[in-house]
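[1] this is a predicted model, with the sequence first.
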Number of protein chains: 2
Amino acid sequence: MNLHSLRYFYEATKYSSLTEASHYLHISQPALTKHIKNLEEEYGVRLVEKNGRLLSLTDLGEELIKECDFLFQQSEKIEQLLKQKSSHIPLKVGVTQLNSEEFIKHILVNDKFKDIQIELTTDNTQKISQLLINHFIDVALLPDTPTLVDFKREKIFSDKLIFVAHPDYCKSNISLKELDSYSFIKREDGSFIQDTLDNWQTDGLYFSNQVATHNEALLLAQYKNGIYLCSSMQAQTMIKSNKLKKVTIESFPVFSRDFYLYFNKNKQVKYFKRYVKEIIDEIKH
Amino acid sequence: MNLHSLRYFYEATKYSSLTEASHYLHISQPALTKHIKNLEEEYGVRLVEKNGRLLSLTDLGEELIKECDFLFQQSEKIEQLLKQKSSHIPLKVGVTQLNSEEFIKHILVNDKFKDIQIELTTDNTQKISQLLINHFIDVALLPDTPTLVDFKREKIFSDKLIFVAHPDYCKSNISLKELDSYSFIKREDGSFIQDTLDNWQTDGLYFSNQVATHNEALLLAQYKNGIYLCSSMQAQTMIKSNKLKKVTIESFPVFSRDFYLYFNKNKQVKYFKRYVKEIIDEIKH
DNA sequence: GAGAATTACGCGCGGCGTAACCATC
DNA sequence: GATGGTTACGCCGCGCGTAATTCTC
């Protein structure tokens, strides 16, 4: 029997619709439908029936799910056994400065990664891509990179520059006229963030403080020290926990970069990819 | 985890070597190796180790197999549940006269087919192939057939014309000089078998009796009535049970036809194919 | 018309077989 | 040299996503 289709069927029933399930299972909705049809056709049985515009389980479907509980519980047990005895060499991951902190915070410490041992390398895009090419690392999280043009990759998220501030510090939408009512947090000269700000408005911005790192800037922003421009990825968790809010400023252009996972062939990479995507989903929420 | 590879690994351990297992599991031996490697690489574990020129299970491998017992026992239970509730429309199978008796005897009454309901049509090759083309039947067992040239097919066995006789009736190898010491069983004039015999030796053959059907001829041969020319497929079981033996006659040319399963797309056909192949293997032994 | 499922279709990867090679007896 | 396992390689089908369609509220 096709245990692959059975697994998807089983997992899908944990959600209220196929569409919802497809989202959480990281598979397209038509593909899920197909898996269910597979089972039904293979055995000439009906497992689901139409219920309004949703599907619901037939009696046989319910019965099947109960049996699947045992099956996949056992399969889980086996997987744990194997993972426990695993002597994997660590998966070598390369990231840029921009990602590294978020990576460490949200990905590497995540429970999902308890069974993948990871060795992290942080360097600039150029160096990381060279490591990947020379097989010194297995995976790299990087923006679009010319030297990796024919490498396997998968888009993970789109990073944009956004303004953030303490929720009480200012309105959420600020017009150009209102700009002088607020102060901005200044990053070190020559940094990408500061250059972007300077190029946008050479005058008219009032800077409260200058800091040396992204972390310092975030801290100041939290203490209502001003509005701070940073990558949406880096601010996401603070926004989610309401320590900061996103601030839109009139006519500020969109600076965005897509980030990809580039990878060499490696059995573990598959899981790594899935976990990363799941975690990114959680962050985006 | 990859339950497909796990299944093959599990089943393979029931045999003494991969080569032997591959034969019974109807998969090539390199493919089996690959499945095991899959599991080992996915989890970074060792499941088998070299033991002379054979493989044997590691401790972890043994442990894994124990857990797999539960897993695939449960999977079997689920499969039974589904098959029991199955409301399959019968699988429509077409065969020629030549095959039909062997089919009914050795295939359709076989235990393996208890969960596939079969509707059998017997007719000549031309008619059967038309039924297949028009989707009136799902599977057909036929020799190479020009009208089905771009149909999906799979070679099932090669049928040859052979001489058979009672084990005590004659020697196993007969030279041309000795031919006149034995009598032959004569089929009805115009039959393929009789025509073949007549075209080979227009004189010099002594015919004891003339019969109307293959079954009658087999019966006579069993009663030491003479040597009988028939298809190897049709005589196989009598030979296996020592009621008849194969007789080689000097300079008799090989008349052989390959038989194929031709099939339309149908979920059940997969199982049908596998069962047929297994049974053919049993017959060939 | 919005949300859900189904059908149609095309692409890429993985599973498989064949063949050649290596290792053990 | 015979038997069993491994590596290399290429093909085909299955699993999947995208897009268009149907169905329900």
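    Thanks, I have it. Numbering: from 1, shown residues only, chains lettered A, B, ... in the order given.

[2] how about the residues of chain A by DNA strand C?
    By the rule C-beta under 7 Å from any atom of the strand, the part of chain A lying against DNA strand C is A:17-20, A:29-30, A:33-34, A:36-37, A:48, A:50, A:53-55, A:152. The C-beta positions use only the backbone N, C-alpha and C, and glycine is treated the same way.

[3] return the subset of those lying in helices.
    A:18, A:19, A:20, A:29, A:30, A:33, A:34, A:36, A:37 (DSSP state H).

[4] how close does the closest residue to DNA strand C within the stretch 151-285 of chain A get to residue A:59?
    Closest to DNA strand C within the stretch 151-285 of chain A is residue A:152: 6.4 Å, counting by C-beta to the nearest atom of the strand. Using C-beta to C-beta, to the nearest Å, residue A:152 is found at 45 Å from residue A:59.

[5] can you list the strands that whichever helix or strand residue A:209 is part of pairs with?
    Here residue A:209 is covered by strand A:206-210, with elements defined by DSSP states H and E. Strand pairing for strand A:206-210, using DSSP bridges, gives strand A:183-186 (parallel).

[6] show me how chain A divides into domains.
    With domains defined by automatic domain parsing, chain A comprises A:3-86, A:91-158+A:258-284, A:160-255.

[7] could you dump those to JSON lines with distance to residue B:103 and mean neighbour count?
    Formatted as JSON lines, the domains of chain A follow (distance: least, C-beta to C-beta, whole Å; neighbours: other C-beta atoms under 10 Å in any protein chain shown):
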{"stretch": "domain A:3-86", "distance to residue B:103": "23", "mean neighbour count": "16"}
{"stretch": "domain A:91-158+A:258-284", "distance to residue B:103": "45", "mean neighbour count": "17"}
{"stretch": "domain A:160-255", "distance to residue B:103": "66", "mean neighbour count": "16"}
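
[8] among the ones you listed, which comes closest to DNA strand D?
    Closest among the domains of chain A, using C-beta to the nearest atom of the strand: domain A:3-86, at 3.0 Å.

[9] and the end-to-end length of that closest one?
    Taking C-alpha to C-alpha, to the nearest Å, domain A:3-86 runs 24 Å from one end to the other.

[10] can it be said to contact DNA strand D?
    Yes. Applying C-beta under 7 Å from any atom of the strand, one finds domain A:3-86 touching DNA strand D at A:4-5, A:8, A:26-31, A:34-35, A:38, A:50, A:52-53.

[11] what's the closest of those to DNA strand C?
    So of the residues of domain A:3-86 next to DNA strand D, ranked by how close each gets to DNA strand C (C-beta to the nearest atom of the strand), first place is residue A:30, at 3.2 Å.

[12] mean pLDDT for the domains of chain A: which is lowest?
    Averaged per stretch, pLDDT over the domains of chain A is lowest on domain A:91-158+A:258-284, reaching a mean of 81.

[13] and that domain with DNA strand D, contact?
    No. Figure legend: domain A:91-158+A:258-284 not in contact with DNA strand D (C-beta under 7 Å from any atom of the strand); closest approach 10.0 Å.

[14] and the strands in chain A, which stretches?
    Ranges of strands in chain A, per DSSP state E, are A:48-51, A:54-57, A:91-95, A:118-122, A:139-143, A:153-165, A:173-174, A:183-186, A:206-210, A:228-231, A:245-249, A:256-263.

[15] output those strands in a markdown table; the columns should cover distance to residue B:146.
    Listed next are the strands of chain A as a markdown table, based on distance: least, C-beta to C-beta, whole Å:
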| stretch | distance to residue B:146 |
| --- | --- |
| strand A:48-51 | 44 |
| strand A:54-57 | 47 |
| strand A:91-95 | 57 |
| strand A:118-122 | 61 |
| strand A:139-143 | 55 |
| strand A:153-165 | 49 |
| strand A:173-174 | 77 |
| strand A:183-186 | 82 |
| strand A:206-210 | 86 |
| strand A:228-231 | 68 |
| strand A:245-249 | 72 |
| strand A:256-263 | 51 |
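
[16] which ones are touching the residue in the stretch 151-285 of chain A that chain B sits nearest to?
    Closest to chain B within the stretch 151-285 of chain A is residue A:267: 4.7 Å, counting by C-beta to the nearest C-beta. The contact partners of residue A:267, by C-beta atoms under 8 Å, 6 or more residues apart in numbering or on different chains, come to B:41, B:42.

[17] could you redo the last one with a cut-off of 10 Å?
    A:88, A:91, B:2, B:37, B:38, B:39, B:40, B:41, B:42, B:43, B:44 (C-beta atoms under 10 Å, 6 or more residues apart in numbering or on different chains).

[18] from these, pick the one nearest residue A:196.
    Of all the contacts of residue A:267, residue A:196 sits closest to residue A:91, with 33.6 Å by C-beta to C-beta.

[19] what distance do you get for residue A:90 to DNA strand C?
    21 Å (C-beta to the nearest atom of the strand, to the nearest Å).

[20] can you check residue A:110 too?
    For residue A:110, the distance to DNA strand C - C-beta to the nearest atom of the strand - is 24 Å.
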